[in-house]
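> here are the coordinates; sequence isn't available:
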């Protein structure tokens with residue numbers, strides 16, 4: 001019985017302690033929201049690329065974090081502090097993530113159209129080659145007479 005009460009008090013204390021999370025202070029070099037959305041977009045893309053084929057990144061000597069930091073002229077601490085600051089306000093951060101997801105969907109649709117168009121062109125080319133082959137097979141070949 002004492003163990004149960006002690007466990008209950010411990011869990012209750014843990015819950016109360018977790019409720020007092022202070023809002024992070026606004027960093028002096030806070031990354032602007034639009035720029036942060038662009039950074040998060042690149043982070044999501046690189047994470048997907050690593051999941052799909054990490055070797056391609058390694059073979060091309062691409063280190064995602066270094067690339068992002070150089071591209072946006074930021075450092076890791078600035079990114080972490082800005083991300084922490086924005087993530088505290090869940091609704092605002094969710095809005096940023098929704099913008100990232102919309103961009104991903106737009107890019108995916110664009111590239112899917114290009115892939116579909118290339119596939120369609122390839123299919124047409126193969127169909128025309130097949131038709132040409134069928135035409136050659138069905139055409140009457142001139143008779144060649146051999147002289148003895």
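Looks like it came in fine. Owing to the predicted nature of the structure, the values given are computational and were not obtained by experimental measurement. Residues are numbered from 1 along each chain as shown.

> contacts and neighbour counts: CA atoms only from here.
Will do.

> where does this structure dip in pLDDT?
Along the chain, the parts satisfying pLDDT under 70 run over 1-8, 10, 12-21, 127-148.

> pull the longest helix from it.
Assignment by DSSP state H gives helix 90-138 as the longest helix of the chain.

> Give me the helices and strands touching that one, please.
Packing partners of helix 90-138 (3 or more Cα pairs under 8 Å, 6 or more residues apart in numbering; DSSP states H and E): helix 33-59, helix 76-88.

> Specify the angle between that helix and helix 33-59 in degrees.
In terms of direction (axes from the mean of the first three to the mean of the last three Cα atoms, to 10 degrees), helix 90-138 departs from helix 33-59 by 50 degrees.

> Could you give the separation of helix 90-138 from the chain centroid?
Helix 90-138 sits 17 Å away from the centroid of its parent chain (Cα atoms, centre = their mean, to the nearest Å).

> quick check: angle from it to helix 76-88?
Counting by the same axes, to 10 degrees, helix 90-138 lies at 100 degrees to helix 76-88.

> and residue 43, how far is that from residue 36?
From residue 43 across to residue 36, the span is 10 Å (Cα to Cα, to the nearest Å).

> higher neighbour count, these two?
Just comparing residue 43 and residue 36: by other Cα atoms under 10 Å the higher neighbour count belongs to residue 36, 20 against 15.

> Tell me who's in contact with that one.
Contact analysis of residue 36 by Cα atoms under 8 Å, 6 or more residues apart in numbering lists residue 83.

> Distance-wise, check it relative to residue 42.
Relative to residue 42, and taking Cα to Cα, residue 36 is found at 10 Å.

> highest average neighbour count across the helices and strands packed on helix 90-138?
Of the helices and strands packed on helix 90-138, the one with the most neighbours on average (mean count of other Cα atoms under 10 Å) is helix 76-88, at a mean of 16.
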